[in-house]
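Chemist: 3D, please:
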Amino acid sequence: MVAPVDNLTRLSGTLVGRRPHPSLAGWELVVLDVAETEPVDGRADLLSRRRGETLEVAVPVAALAGAEPGGPLSVRARLTARGVMSEPHRP
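Modeler: Reported below is the predicted structural model:
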């Protein structure tokens, strides 16, 4: 499998659910109803076309402090060979 180009997109929407990531300690898989997307300057934008979809995103537990299902969530994420992953910290 070929890794996608260096890319980054801000995803914002409603957090639907969250559970521990099966293979990354300290990370969770969240289900995000993506309402808004925004390209990040200087990076390829591979996720804006996913606006309006529900995505599973790997997010570090530390970046989810206070995030509850039904509430808002905004992360900068990239498309990887392993799926959609947020940055390791909130910008």
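Chemist: Where does pLDDT dip in this protein?
Modeler: Within the chain, the ranges that satisfy pLDDT under 70 run 1-3, 90-91.
Chemist: Can you show me the strands along the chain?
Modeler: Counting by DSSP state E, the chain forms strands over residues 9-20, 27-39, 54-60, 72-80, 83-86, given from the N-terminal end onward.
Chemist: Columns distance to L46 and mean neighbour count on top of those, output as CSV?
Modeler: C-beta: built from backbone N, CA, C; applies to glycine. Putting the strands of the chain into CSV (distance: least, CB to CB, whole Å; neighbours: other CB atoms under 10 Å) gives the following:
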stretch, distance to L46, mean neighbour count
strand 9-20, 7, 17
strand 27-39, 10, 18
strand 54-60, 12, 18
strand 72-80, 4, 19
strand 83-86, 9, 20
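Chemist: Now tabulate these in a markdown table and tack on distance to S48.
Modeler: A markdown table is the format used below for the strands of the chain (distance: least, CB to CB, whole Å):
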| stretch | distance to S48 |
| --- | --- |
| strand 9-20 | 6 |
| strand 27-39 | 4 |
| strand 54-60 | 12 |
| strand 72-80 | 11 |
| strand 83-86 | 13 |
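Chemist: Out of these, which is closest to L47?
Modeler: strand 9-20 (3.9 Å; CB to CB).
Chemist: So which elements touch that closest one?
Modeler: strand 27-39, strand 54-60, strand 72-80 (3 or more CB pairs under 8 Å, 6 or more residues apart in numbering; DSSP states H and E).
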